[in-house]
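Visitor: make a model of this:
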Amino acid sequence: QVQLVESGGGLVQAGGSLRLSCAASGLTFSSYSMGWFRQAPGKEREFVAAMLWNGGYVYYGNSVKGRFTMSTDNAKNTVFLHMATLNPEDTAVYYCAASKVATHQAKDYDYWGQGTQVTVSS
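Guide: Coordinates of the predicted model:
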């Protein structure tokens, strides 16, 4: 059974930083693309970052490029999202997801975590 468990969310002031973690189990980590998505109240789910299984290339959403960095600890089957220079528009529930496909499209992700809330105060 595949499980993705996010952690690290919280309340931070604008300009601050947070690191989210996603611990994966029940899957062969190196065979999956891992993605981060977010959803703010009343808005559609938004792509944040994805690391593709076929080469490890990382894509970033336009709104987070240059501020967010995705990394992995393969030994611990864990992915991280380092978020810097946060602003109130980054407030959302952040989800970790896994896909057998090399993709950054949410519809192609098979497994999702429960989400972790990130709130950025102005």
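
Visitor: contacts only, for the residue nearest to the spatial centre of the chain.
Guide: The geometric centre of the chain, computed from its C-alpha atoms, lies nearest to residue 36 (C-alpha atoms, centre = their mean), at 2.3 Å. By C-beta atoms under 8 Å, 6 or more residues apart in numbering, the residues touching residue 36 are 20, 22, 48-50, 70, 79, 81, 94-97. Where you see a C-beta, it was placed from the backbone N, CA and C, and this is true even at glycine.

Visitor: check residue 89 too.
Guide: 63, 120.

Visitor: secondary structure class for it?
Guide: Secondary structure, DSSP: H, G, I helix; E, B strand; the rest coil: residue 89 is helix.

Visitor: and stretch 105-122, which residues are buried?
Guide: By neighbour count with 16 or more other C-beta atoms under 10 Å, stretch 105-122 contains the buried residues 106, 109, 111-113, 115-116, 118, 120.

Visitor: I'd like the distance from it to the chain centre, please.
Guide: Using C-alpha atoms, centre = their mean, to the nearest Å, the mean C-alpha position of stretch 105-122 is found 6 Å from that of the whole chain.

Visitor: and if you look at stretch 18-32?
Guide: With C-alpha atoms, centre = their mean, you get 10 Å for stretch 18-32.

Visitor: all strands for this structure, in order.
Guide: For the chain, strands defined by DSSP state E occupy the ranges 3-7, 10-13, 18-25, 33-39, 46-51, 58-60, 68-73, 78-83, 92-99, 111-112, 116-121.

Visitor: how about CSV for those, with mean pLDDT added?
Guide: Converted to CSV, the strands of the chain look like this (pLDDT from 0 to 100):
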stretch, mean pLDDT
strand 3-7, 97
strand 10-13, 98
strand 18-25, 97
strand 33-39, 96
strand 46-51, 95
strand 58-60, 93
strand 68-73, 94
strand 78-83, 97
strand 92-99, 97
strand 111-112, 98
strand 116-121, 98
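
Visitor: related to what we said a few turns ago, just the buried residues of stretch 105-122 now: which is nearest residue 10?
Guide: Within those, proximity to residue 10 (C-beta to C-beta) peaks at residue 118, which comes in at 7.0 Å.
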